[in-house]
Each structure stands twice: as structure tokens, then as C-alpha cells.
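S.K.: Build me a model:
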Amino acid sequence: MDVGRMNHRVTVEGADRSRVDAAGQPIAVYAEVCSVWANVRFERGAEAMRNGIESAVRRGSVRIRYREDIDEGMRLIHKGMTYGITNVLPDEETMEFMDILIEKRS
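M.R.: So this is what the prediction gives:
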């Protein structure tokens, strides 16, 4: 893994669903899990059209050093934009890095 390509700072947040409102429904309150350096890549317009992706959805991939405390129930913040984490793909061979697939719907 070329760590020189990890030139973006991203924050991963997890939801604390232990709080409930007056009706007893859980309230998602997010707290920072980690802030790390990452390589952030988004699909280009041509790739999105070729894959049949709706224009209102922005998908990308974020590569970070391997961690065990990130899962699909969390969200990722990059340059002030909040993205849902759709998949976490660790490097099974070396456990050096992991790819986090993200998505933002507008």
C-alpha cells in the first residue's frame, strides 16, 4: 500500500442508539470513532452512467489502514459531506488496509 496516496483526512462516526425520545423510539446520536488519513476515490460520471447508477447517488471507495472498529452501521465524513458506509472490505491476506464503500443520496 502506498501511504503517500492517503492524503485526505476522514472521520468515521458511530451511532449511539441507547437514547430514546418521548415515544420510546431510538434517537441516533453520532460520536467520532476515529479520524484517519485515507485515499478517497469517487466514480466518475462516465463510470456511473455505464454501471446504470442513478445520478442522485454518489458512490466512492475510501482506503485506510486496517482497523477492527468500523462497520456498515457507521457513517463517514469527508470534506464536510456525510456518507453512509455500505460495505467494509478488509485486505484478507496482509490485514494492512481496508476499503470502505460509501454512498450519498441526494
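S.K.: In the protein, what residue spans correspond to helices?
M.R.: Remark: helices assigned in the chain by DSSP state H are 45-50.
S.K.: which regions of it lie under the pLDDT threshold?
M.R.: The chain contains residues with pLDDT under 70 at 1-3, 45-56, 106.
S.K.: Tell me the helices and strands packed up against the longest strand seen in it.
M.R.: When the chain is parsed with DSSP state E, its longest strand is strand 26-42. If you count contacts as 3 or more C-beta pairs under 8 Å, 6 or more residues apart in numbering; DSSP states H and E, strand 26-42 packs onto strand 8-20, strand 57-65, strand 75-78. C-betas here are computed from N, CA, C, even on glycine.
S.K.: Quick one: closest of these to residue 97.
M.R.: Closest of these to residue 97 is strand 57-65, at 5.6 Å (criterion: C-beta to C-beta).
S.K.: so how far is residue 21 from residue 66?
M.R.: Per C-beta to C-beta, to the nearest Å, residue 66 is found 37 Å from residue 21.
S.K.: So residue 28 sits against residue 15, correct?
M.R.: Yes - between residue 28 and residue 15 a contact is recorded at 4.3 Å, counting by C-beta atoms under 8 Å.
S.K.: which one of the two has more residues nearby?
M.R.: residue 15 (15 against 11; other C-beta atoms under 10 Å).
S.K.: for residue 89, which residues make a bridge with it?
M.R.: Under the criterion DSSP bridges, residue 89 forms beta bridges with residue 99.
S.K.: I figured it hits residue 97, correct?
M.R.: No - if you go by C-beta under 8 Å, residue 89 and residue 97 don't touch, sitting 9.6 Å apart.
S.K.: So which of the two has more stuff around it?
M.R.: More crowded of residue 89 and residue 97, by other C-beta under 10 Å: residue 97, with 18 against 12.
S.K.: wait, doesn't that one sit right on residue 64?
M.R.: Yes - using C-beta under 8 Å, residue 97 is in contact with residue 64, at 6.6 Å.
S.K.: Surely residue 31 touches residue 19?
M.R.: No - if you go by C-beta under 8 Å, residue 31 and residue 19 don't touch, sitting 11.4 Å apart.
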